[in-house]
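J.: Sequence below, structure please.
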Amino acid sequence: MKSLITTVVFCFAVAQTQPTVAQAQQTIVQAQATAVKARPTTADVQPTTADVQSAKGKKPTVTDILKFNGTVRAKYEYQPEEGVGRFEVRNCRISVSGQVMPTVAYKAEIDLSDEGQIRMLDAYVRLLPVENLRLTAGQMRVPFTIDAHRSPHQQYFANRSFIAKQVGNVRDVGATAGYTFVFGGNETNCRNKRYSGRDGQYTNGNEQDKTGKEYKTNGEMSSLTLEGGIFNGSGLTEQKHYWTKSYNYSLKAEALICGHTGVVLSCQHTRPAETGIMMWNCGAYWHARGWHVEGEYLHKEYSGGAFKAVNAIDAFVVKRLPLHKVFEAVSLLGRYDYMDDHSDGKPDSNGRLTIDDPQRHRITAGATFHLGGKSPKTDIRLNYEKYFYGSGATPNVSERDKIVVELMCRF
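T.: Predicted coordinates for the structure are as follows:
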């Protein structure tokens, strides 16, 4: 009996270790499938259309071709000397931009409420034939100065400097060419990215640090950007019937040193009427560790001594401090700017240039509370402006001491 039991147990164990017919067949099928999968197919060997496009350059997506952006600025100003105030929509800008192909970009921007007026601002096409080279034709801001090139959402203060508003603010129709020479190793510095990846937009010196931290660079990143252009001199609204033999021109050079220090030199020749005007500008900025320090000087001369030369200065400092509740951060601001008696170059009924903006000094102090990141983002700007005029000056009420509260939204 004991021998019989041992034999049965042994036979049962052997049966459990041997595969059934179905299990054997399944094992064979799996092995064949694995062999087929391992064998390269025609699709694996031959490159697809997508692979070819990727090799030649990534095909733009819908989001690359069509990008919508907007800026709305609503503010309240109170003038304590007169005891008057006003609400105002300073800007309501809408822009469409993008790349229709890797070497062609465009932008169209309109302001639906520039102090209550509708204005077409930018309308241009930009060619990017090789990396860091851009050729632009259309309506645009003339390459000149630092502060005048800041868009409303990039401004540090509620109101622009005298250089950006009265003395050196020019938009026109024409063509420009620009090239950036990059020195150092990595070309992905966050203040000087490859132009092919950002619609060819040139923004050195314009972008604020949204984190309060030093820009992450390799410590050796530097570049030199040269840009120049010729323009009608007609402004934005007199294009159709404007023909000229004498074009305006502008030249600008910007050196970015180690990713956080910039030096800008620029010049511009304009002719608003019969008087030629030559402007020279120089400036520098340092942006790191939550600080932004900037200074700029502009000199303006009128041909034939038609009006005395104008000097303008803009100097300011910003310190960004992180916050942990409600607001992302707060920026503390201080600015000094100055301008001589200024003429826009257009003569009066007697053919003479007169003072359009009297000489003044201004000190601005304030704070900006930040909500959100780069886009969408919202800033609450609180500024106090103190003006100083010479004897006999009769400034406009909007150019006197005032308190400004502004709400800015960028999307």
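J.: C-alpha only now, for contacts and for neighbours.
T.: OK.
J.: Which stretches in the stretch 201-350 of the chain count as strands?
T.: Counting by DSSP state E, counting those that start in this stretch, the stretch 201-350 of the chain has strands at residues 222-231, 248-257, 261-270, 277-288, 291-302, 310-322, 329-339.
J.: Including distance to Asp172, could the ones you listed go into TSV?
T.: Formatted as TSV, these follow (distance: least, C-alpha to C-alpha, whole Å):
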stretch	distance to Asp172
strand 222-231	6
strand 248-257	9
strand 261-270	10
strand 277-288	15
strand 291-302	18
strand 310-322	22
strand 329-339	23
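J.: so when I look at Ile163, I'm seeing a helix, right?
T.: Yes. Assessed by DSSP: H, G, I helix; E, B strand; the rest coil, Ile163 belongs to a helix.
J.: If we ignore the residues flanking it in sequence, what's nearest it?
T.: Ala312 (6.3 Å; C-alpha to C-alpha, 6 or more residues apart in numbering).
J.: burial count for Lys240?
T.: Neighbours of Lys240 under the rule other C-alpha atoms under 10 Å: 7.
J.: Check whether Leu127 really touches Lys107, as I assumed.
T.: No. Assessed by C-alpha atoms under 8 Å, Leu127 is found out of contact with Lys107, at 11.8 Å.
J.: secondary structure element for Asn93?
T.: Small correction: residue 93 is Arg, not Asn. strand 84-101 (DSSP states H and E).
J.: Which helix or strand lies directly C-terminal to that strand?
T.: Going down the chain from strand 84-101, the next helix or strand is strand 104-114, by DSSP H and E.
J.: Dump that next one to CSV, restricted to CA.
T.: As requested, the backbone C-alpha atoms of strand 104-114 are provided in CSV (Å, rounded to 0.1, in the frame of the first residue of the first chain):
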residue,chain,number,x,y,z
VAL,A,104,8.5,84.1,-41.7
ALA,A,105,6.9,85.9,-38.7
TYR,A,106,4.4,88.6,-38.5
LYS,A,107,2.6,90.9,-36.0
ALA,A,108,-0.4,93.2,-36.0
GLU,A,109,-1.3,95.3,-33.0
ILE,A,110,-4.1,97.8,-32.5
ASP,A,111,-4.9,100.0,-29.4
LEU,A,112,-8.6,100.3,-29.0
SER,A,113,-8.3,103.0,-26.4
ASP,A,114,-5.1,105.0,-26.4
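J.: any idea of the mean pLDDT in that strand?
T.: For strand 104-114, mean pLDDT rounds to 94.
J.: same deal with stretch 119-138?
T.: Average pLDDT, stretch 119-138: 95.
J.: Could you do stretch 286-293 as well?
T.: Mean predicted lDDT for stretch 286-293 stands at 95.
J.: How far away from the center of its chain is that stretch?
T.: From the chain centre to the centre of stretch 286-293 is a distance of 17 Å (C-alpha atoms, centre = their mean, to the nearest Å).
J.: start to end distance for that stretch?
T.: 5 Å (C-alpha to C-alpha, to the nearest Å).
J.: ok, now stretch 238-257?
T.: Taking C-alpha to C-alpha, stretch 238-257 runs 40 Å from one end to the other.
J.: Give me the contact list for it.
T.: 142-145, 173, 221-234, 262-271 (C-alpha atoms under 8 Å, 6 or more residues apart in numbering).
J.: Return the set of buried residues in it.
T.: 247-257 (16 or more other C-alpha atoms under 10 Å).
J.: Check these and tell me the two furthest apart.
T.: Tyr247 and Ile257 (33.2 Å; C-alpha to C-alpha).
J.: before we move on, the earlier item: could you export the strand holding Arg93 as PDB, CA atoms only?
T.: Extracted in PDB, the C-alpha atoms of strand 84-101 (Å, rounded to 0.1, in the frame of the first residue of the first chain):
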ATOM      1  CA  VAL A  84      -9.400 117.200  -9.400                       C
ATOM      2  CA  GLY A  85      -9.200 113.600 -10.500                       C
ATOM      3  CA  ARG A  86     -10.000 111.400 -13.400                       C
ATOM      4  CA  PHE A  87     -10.500 107.800 -14.400                       C
ATOM      5  CA  GLU A  88      -8.900 106.700 -17.700                       C
ATOM      6  CA  VAL A  89      -8.400 103.700 -19.900                       C
ATOM      7  CA  ARG A  90      -4.800 104.300 -20.900                       C
ATOM      8  CA  ASN A  91      -4.500 101.300 -23.200                       C
ATOM      9  CA  CYS A  92      -6.600  98.500 -24.500                       C
ATOM     10  CA  ARG A  93      -4.100  96.700 -26.900                       C
ATOM     11  CA  ILE A  94      -4.900  93.600 -28.900                       C
ATOM     12  CA  SER A  95      -2.200  91.900 -31.000                       C
ATOM     13  CA  VAL A  96      -2.000  88.900 -33.300                       C
ATOM     14  CA  SER A  97       1.400  87.400 -34.100                       C
ATOM     15  CA  GLY A  98       3.100  84.200 -35.000                       C
ATOM     16  CA  GLN A  99       5.100  82.300 -37.600                       C
ATOM     17  CA  VAL A 100       3.500  81.100 -40.800                       C
ATOM     18  CA  MET A 101       6.700  79.100 -41.400                       C
END
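J.: what's it packed up against?
T.: Identification of packing neighbours for strand 84-101 by 3 or more C-alpha pairs under 8 Å, 6 or more residues apart in numbering; DSSP states H and E yields helix 62-65, strand 67-79, strand 104-114.
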